[in-house]
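Student: for reference, the sequence and a predicted model appear below.
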Amino acid sequence: MPAAKAQAIFRDLMMIDADHVADAAALERIALWALTVYSPIVAVDGPDGLVLDTEGADHLQGGEETMLTGIANRFRSKGLTAKVAIADTWGAAHACARAIQRETVVVPRGETFRAVERLPIHLLRLPDKNIDDLRTLGFQTVGELGNTARAPLALRFGPEIGRRLDQMLGRASEPIEPIRAPEWIEVSRAFAEPIGAAETINKYVGRLVIQLVAELQRQGLGVRRTDLIVDKVDGSRQAIRAGTAKPARDVAWLTKLFRDRTEKIEPGFGIEKLTLVAVMSQPLDEEQRSSTLIDEETSDITPLIDVLGNRGQRVYRLAPVASDVPERSVQRIAAAAEPSGEIWNHQWRRPVRLLDRPDRITAIALMPDYPPRSITWRGRRHNVARADGPERIFGEWWKRDSELEAVRDYYVIENDVGERFWIFRSGDGVDPETGDHQWFMHGIFA
C-alpha cells in the first residue's frame, strides 16, 4: 500500500527501505544451506523462494511429510515464516507454496491438475502484461486456462502460456540449475554420445572419483558429502548423494558408496554429462599406515555407519548431558563424533529404555514414602511384588521458574511375572506445590 496510507493506519510506523541486494544474498545463503541438508539440486526461485528437487533424497529425512515439517520448523526456530509445498513439478510446487494457507502441503503423485486448477493465473509465472490481458479476457484460474484451446492463445500471446502450463502439469521438462558455491570442488565428464548402461556409468563415476580425490588431496581436504549430478539428453537432471561419517578421500570406498546406488539412475534416452561435487569437505591430514606384515585389530565402524546412512537409516549415538532430570540427561550426537567427556554419575540404576514422554498410570500407594501396591498401565494391571526407592529428583529451577519447588520420587518396581519398571510420583506426596501427586511410567528395565 502507499506509504502515506500505511502511516495513517499505524501510528508511529517505522519505515525502512527494502534492500533487494541484501535480500538476494541472504536467499542465496539459505539455498546453499538447503543444498547441504536436504537435496543435491537447489536453486533460487524468484525473489522470495527456493526450489528443491528432493527425489531420491527425501528418505534421508524420514519421508516427504517429515521433511516438509522439519523445513518449516527450522525456519520458524530462526524467526522466519515459510510455506512449503511438494509436487510432481516445479511449477505446481511454486504455485501451491504461494497459495496455501497452512505451512505445508503435499500434492499426491498424479494429482497435479486437481491441485492447481483453482489457483489464480498469476501463479503461472507469466509476464505481468500477459496476466492483465488474460484477466481482461475473463480468465481467472489455471483450470480455465488449461481447458482452453491452445491455438488461439498461442496466436495472441505466443508460446509462453502453453509452455508454462505444460511445465506445471509435467508435460514438458523444466530442469533446475543447481546453485554452487565457488569454493566447492567439482569435476565433470561430458559425453559426445549419450551413455546409459550401468557398467558404463559405474566406470565413469569411478574415474570422476579419482579426479575428485586428487584435488581433495592437493588441498588437504576430505569429503563428508558428495553429490553425483546426472544430466540427461531430455534436459532433466537426477542426483545421487553419498555421505560419510568422517572426512574421507579413499577412492575405493567413495566409488563403492556410489556404485551401491547407481542402480537408481534412470538414464531415459541417455546421459550426456556426469558431475561430481564435494558439497561438504573438511581438513584431513595424511595418515601413515603400518606394514601389512603386521595384523592390527581395528574397531572402526565408520564404513558400516556410511552404508546405513546412505540407505536412509538415521545413525546416531547417545551421549550424557549434565542434568539430573532423566529426559534431559541424554542427547543424540553424530555416530562418529568424539566422546564429549561427560559421564552419567548416578548411584541408582537406570532403565535400558526411557520413554519419550512419561506415560500416566494409575497407582494404589500409601503416601508419602511407600511404593505402589499395584499400577495400571495402558489398560493392564500389574501387582507389585518388589520395589526399591524412592529416589528423589529435584527440578532445575535455573532453567524453568515452574521447577523451583518441583520434585519427583522414582521407584523401581517388579511385578509378579518378573517385569521391572521405572515409575515416579510427581511431588513429594505431602506438599501440593511440589507436584500434583500423579503417577507416571518413565522407563523399562531389561
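Tutor: Looks like it arrived, so ask away.
Student: in stretch 73-85, what counts as buried?
Tutor: 75, 82-85 (16 or more other CB atoms under 10 Å). Just so you know, the C-beta spots here come from the backbone N, C-alpha and C atoms, and that holds for glycine as well.
Student: pLDDT on the strand or helix carrying residue 386, on average?
Tutor: Taking DSSP states H and E as the criterion, residue 386 maps to strand 380-394. Averaged across strand 380-394, the pLDDT comes to 93.
Student: what pairs with the following helix or strand past it, parallel or antiparallel?
Tutor: Downstream of strand 380-394, the first helix or strand assigned by DSSP H and E is strand 407-415. Strand pairing for strand 407-415, using DSSP bridges, gives strand 380-394 (antiparallel), strand 420-426 (antiparallel).
Student: and of the buried residues of stretch 73-85, the nearest to residue 55?
Tutor: Checking those against residue 55 by CB to CB gives residue 85 as the nearest, at 14.9 Å.
Student: part of a helix, is the closest one?
Tutor: No. Under DSSP: H, G, I helix; E, B strand; the rest coil, residue 85 sits outside any helix and is assigned strand.
Student: give me the beta-bridge partners of it?
Tutor: residue 105.
Student: mind checking how far it is from residue 29?
Tutor: In this view, residue 85 and residue 29 are 22 Å apart by CB to CB, to the nearest Å.
Student: what about residue 65, which SS state?
Tutor: Classified using three-state DSSP, residue 65 is helix.
Student: ok, it - contacts?
Tutor: By CB atoms under 8 Å, 6 or more residues apart in numbering, the contact list for residue 65 reads 104, 106.
Student: please report how far it lies from residue 176.
Tutor: In terms of CB to CB, residue 65 sits 22 Å off from residue 176.
Student: please apply the same query to residue 93.
Tutor: Distance from residue 93 to residue 176, by CB to CB: 11 Å.
Student: and these two? which has more neighbours close in?
Tutor: residue 93 (26 against 17; other CB atoms under 10 Å).
Student: identify each buried residue in the strand holding residue 386, please.
Tutor: For strand 380-394, a neighbour-count test (16+ other CB under 10 Å) marks 382, 384, 387, 389-391, 393 as buried.
Student: closest to residue 278 out of those?
Tutor: Comparing these against residue 278 with CB to CB picks out residue 393 as the nearest, at 47.2 Å.
Student: is the closest one bridged to anything, and to what?
Tutor: Residue 393 has the following beta-bridge partners by DSSP bridges: residue 408.
Student: verify the contact between it and residue 410 for me.
Tutor: Yes. The criterion here is CB atoms under 8 Å, and residue 393 meets it with residue 410 at 6.4 Å.
Student: mind listing the shared neighbours of those two?
Tutor: Shared contacts of residue 393 and residue 410 (CB under 8 Å, 6+ apart): residue 424.
Student: tally of neighbours for residue 233?
Tutor: Other residues near residue 233 come to 15 when the count uses other CB under 10 Å.
Student: and it, what does it touch?
Tutor: Residues near residue 233 by CB under 8 Å, 6+ apart: 194, 268-272.
Student: show me which of these has the smallest pLDDT value.
Tutor: Within the contacts of residue 233, residue 268 has the lowest pLDDT, namely 87.
Student: state the three-state secondary structure for it.
Tutor: Following three-state DSSP, we place residue 268 in the coil state.
Student: not counting sequence-adjacent ones, nearest residue to it?
Tutor: Sequence neighbours aside, residue 232 is the residue nearest to residue 268 in space, at 5.2 Å (criterion: CB to CB, 6 or more residues apart in numbering).
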